[in-house]
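In: quick check, what structure comes out for this input:
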Amino acid sequence: MWDRDDEDLEEDLDWDEDVEDDEDSEHASFVCEDCDYRWDESQEEDMDTGMHVCPMCGSVNVTQL
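Out: Next up, the predicted model:
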């Protein structure tokens with residue numbers, strides 16, 4: 001019926017592990033009060049300055065959702 005070799009199965013298993021790693025990392029959602037752009041970013045990215053800049057318009061008038 002299905003003709004898959006072990007190598008294909010291993011690739012599928014590796015992919016599932018990668019998805020689990022992404023789910024474990026914490027993300028925060030933000031909205032720009034000036035242009036209403038919304039995005040998600042990793043919690044690790046904002047640890048440097050603690051200040052967020054809108055990637056669309058460059059405003060610092062950003063709120064975490």
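In: for the chain, what spans make up the strands?
Out: Counting by DSSP state E, the chain has strands at residues 27-32, 38-42, 62-64.
In: most tightly packed of those strands?
Out: With neighbours taken as mean count of other CB atoms under 10 Å, those reach their highest mean count in strand 27-32, at a mean of 16. C-beta: built from backbone N, CA, C; applies to glycine.
In: quick one on the thing from earlier: nearest to His52, out of the strands of the chain?
Out: Closest of these to His52 is strand 62-64, at 4.1 Å (criterion: CB to CB).
In: what's the closest one packed up against?
Out: strand 27-32 (3 or more CB pairs under 8 Å, 6 or more residues apart in numbering; DSSP states H and E).
In: which strands or helices does the strand it packs on pack on?
Out: Packing partners of strand 27-32 (3+ CB pairs under 8 Å, 6+ apart): strand 38-42, strand 62-64.
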